[in-house]
Every structure is written in structure tokens, then in C-alpha cells.
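Colleague: With the sequence up front, the predicted model follows.
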Amino acid sequence: MEVEPDAELIAASLDDPERFGPLFDRHASVLYRYLIRRVGVDEAEGLLGDVFRIAFEKRSGYDPDRPDARPWLYGIATNLVAHRRRSEARRLDAVARLLGTVPTIDGAASGSDPTAERAAGRVDAEAGWPHIADAVAALPAGERDALLLYAWEDLSYAEIAEALAVPVGTVRSRLNRARAHLRELDVVSGR
């Protein structure tokens with residue numbers, strides 16, 4: 001059975017609102033994961049409902065030349081998160097504090113045991129997380145949004161541009177500036 005493109009479902013839902021339902025089935029889980037990472041479990045479920053409510057309300061303005069609605073939905077989600085930036089910063093701080101208390105594994109970095117090397121790498125990454133979380137939280141909003149859509153959600157530059165309603169060149173600039181900010185803080189190199 002051929003899967004109907006998102007754009008066709010959205011167009012069909014203008015006459016038959018129930019046709020909008022499969023969009024939720026297709027995209028809710030990845031959007032929910034994204035929202036959990038941005039605002040935490042407590043707020044993510046409510047925001048997910050808001051994303052699809054807003055998408056349903058604005059479906060008549062959807063560009064039918066874009067078969068995949070995922071970037072559009074990420075854009076709605078990112079705009080909703082923008083209203084909750086303060087709680088996002090608090091959540092990143094809490095995660096940083098939590099991960100900063102993860103106990104280390106003694107003697108895990110033996111040169112010949114790949115399992116031990118992976119464990120040691122994970123401990124190193126967890127120990128560095130508070131610094132990374134602080135640096136990401138300190139990025140300007142546009143840079144942070146572009147970086148998280150790229151790194152967490154694996155969106156292409158074009159999809160990020162669509163989600164954030166900016167040109168692709170702006171996405172490239174924001175990602176480059178975010179990387180530069182993180183390098184300035186020695187987050188990327190882990191120093």
C-alpha cells in the first residue's frame with residue numbers, strides 16, 4: 001500500500017478533518033522526543049498537543065508543494081519552545097547537575113578492552129555534560145534552535161530552514177556561529 005504524502009493528507013483534511021489524524025501517527029513520536037529534550041517530560045506532552053492543535057488550525061496555509069510536513073511541525077514546536085526558554089534553561093541546568101553526580105567507573109580505560117573503552121568514553125562524556133549543557137543554554141536562541149534541530153533531530157539544512165522560516169544561508173551561519181561559540185568555550189574539544 002502506498003503511503004499518502006503529508007501534503008495530500010493536509011489538503012484532504014480541509015474537507016474531511018479526520019484525514020489529519022495520520023499526521024499525528026507519523027510524526028508524534030519524534031516530535032515528542034524533541035520536546036522532551038527541550039522542555040522535559042512534564043511539559044512535552046502538553047506542547048505536543050499544542051503543536052498538532054496549531055498545525056490543524058493553520059493547515060489551510062500549508063504549502064502543498066512540500067510533501068513532508070515534518071519541518072513545518074518542528075517549526076511549530078520550536079516556536080512553542082521559544083515561549084518556554086526560561087524553563088528550558090532550568091531543565092538543562094538540572095540535567096547538568098544530575099549528570100555531574102554520575103559515579104565514575106574505576107579502571108575502565110584499559111587499552112585492549114573495547115567495552116571498557118566505551119564505558120570510559122561514556123563516563124568522560126557524562127562528566128563533561130554540565131559544561132556542554134551550560135554552553136548550549138547560553139547560545140543565542142536562533143543558534144541553539146538550529147543546533148538542536150541539526151544535532152538531535154538530524155534535520156537537513158533545508159529542513160531546518162523550513163522549520164525556522166529562515167533562508168538556508170542563515171541556517172549555515174547560525175550553525176557556524178554556534179560551533180564557534182562552543183569552540184571558544186572549549187566544549188567541542190572537551191578541554
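Modeller: Arrived safely, thanks for sending. Keep in mind that this is a model prediction, so the values were computed, not measured. Residues are numbered from 1 along each chain as shown.

Colleague: Run through this protein and note the low-pLDDT ranges.
Modeller: The chain contains residues with pLDDT under 70 at 85-93, 95-130, 186-191.

Colleague: Run the chain-centre distance for stretch 57-71.
Modeller: From the chain centre to the centre of stretch 57-71 is a distance of 20 Å (Cα atoms, centre = their mean, to the nearest Å).

Colleague: Repeat that for stretch 60-73.
Modeller: Distance, stretch centre to chain centre, for stretch 60-73: 18 Å (Cα atoms, centre = their mean).

Colleague: Please apply the same query to stretch 65-77.
Modeller: Relative to its chain's centre, stretch 65-77 lies at 14 Å (Cα atoms, centre = their mean).

Colleague: Quick one: the helices in this structure, in order.
Modeller: With DSSP state H as the definition, the chain shows helices at residue ranges 6-13, 21-39, 41-57, 70-82, 85-100, 114-138, 141-151, 157-164, 168-184.

Colleague: if I look at the residue nearest to Ile54 when sequence neighbours are not counted, how far off is Arg59?
Modeller: Nearest non-adjacent residue to Ile54, counting by Cβ to Cβ, 6 or more residues apart in numbering: Ile76, 5.2 Å away. Placement of C-beta: from N, CA and C, glycine included. Relative to Arg59, Ile76 is positioned 11 Å away (Cβ to Cβ, to the nearest Å).

Colleague: What of Pro167?
Modeller: Pro167 is 24 Å from Arg59, by Cβ to Cβ.

Colleague: for Arg38, same thing?
Modeller: Noted for Arg38: a distance of 24 Å to Arg59, by Cβ to Cβ.

Colleague: quick one: which of the two has more around it?
Modeller: Higher neighbour count among Arg38 and Arg59: Arg38, with 25 against 19, using other Cβ atoms under 10 Å.

Colleague: Stretch 26-36: which residues count as buried?
Modeller: Within stretch 26-36, the residues that count as buried by 16 or more other Cβ atoms under 10 Å are Arg26, His27, Leu31, Tyr32, Tyr34, Leu35, Ile36.

Colleague: Send over that stretch as PDB, restricted to the C-alpha atoms.
Modeller: Provided in PDB are the C-alpha atoms of stretch 26-36 (Å, rounded to 0.1, in the frame of the first residue of the first chain):
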ATOM      1  CA  ARG A  26       3.500   9.600  11.600                       C
ATOM      2  CA  HIS A  27       5.200  12.400  13.400                       C
ATOM      3  CA  ALA A  28       4.100  12.500  17.100                       C
ATOM      4  CA  SER A  29       6.800  10.200  18.500                       C
ATOM      5  CA  VAL A  30       9.800  12.100  17.000                       C
ATOM      6  CA  LEU A  31       8.300  15.500  17.900                       C
ATOM      7  CA  TYR A  32       7.600  14.200  21.400                       C
ATOM      8  CA  ARG A  33      11.200  13.100  21.800                       C
ATOM      9  CA  TYR A  34      12.400  16.500  20.600                       C
ATOM     10  CA  LEU A  35      10.100  18.300  23.000                       C
ATOM     11  CA  ILE A  36      11.200  16.100  26.000                       C
END
